[in-house]
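J.: give me a model of this one.
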Amino acid sequence: MSDFEFLAVIVLGFAAVVAVIWFILNLREKGRAAAGQPRHSAVRLVFGAIALLVMIFTGGCALIFIPDAMKGTQYVGFDAIAVLAGIPFAVALLIFWLAMRRSPAGAGDSTAKPE
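T.: Now for the predicted structure:
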C-alpha cells in the first residue's frame, strides 16, 4: 500500500466516522422537530460531529500517555500532555459548545411572532 492510499484510507475513515456521528445527532434533532422544538442546521451538526471526534481522539491519546507521566518518564510529563492534548481538547469542546448551544426562546429567531 502506497503512502497516498494509506492517507486516502485515513481520510475516508475519518469522514465515515463523522458521517455516523452526524447521523446520530440528526436523529436527535428529528426527534426535537417532531416534538415541536427548534432544531439545528446540518452545518452545525457537521461541526459538532467533527468536534466530538477531535475530543475523543485527543482525550484517548492523552490517556495513553498518563501512566508514563505518573511514572516520571523523562520525555512525557503532565505539562506535555496538557499542551499536546489539552489545548486541542479545549478548542474542540469550545467548538462543540458553540455549535450545539441554543439561543434563548425567540432571541434572534426570524420566525418568532411579535406580541
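J.: contacts and neighbour counts: CA atoms only from here.
T.: OK.
J.: which elements pack onto whichever helix or strand residue 59 is part of?
T.: Residue 59 belongs to helix 42-71 when assigned by DSSP states H and E. Packing contacts for helix 42-71, counted by 3 or more Cα pairs under 8 Å, 6 or more residues apart in numbering; DSSP states H and E, involve helix 3-34, helix 78-81, helix 87-100.
J.: measure how that helix sits relative to helix 3-34, angle-wise.
T.: On the basis of axes from the mean of the first three to the mean of the last three Cα atoms, to 10 degrees, helix 42-71 is oriented at 120 degrees to helix 3-34.
J.: distance between helix 42-71 and the chain's centre?
T.: The chain centre lies 8 Å from the centre of helix 42-71; the measure is Cα atoms, centre = their mean, to the nearest Å.
J.: now swap in stretch 22-35 and tell me
T.: Put simply, stretch 22-35 sits 17 Å off its chain's centre (Cα atoms, centre = their mean).
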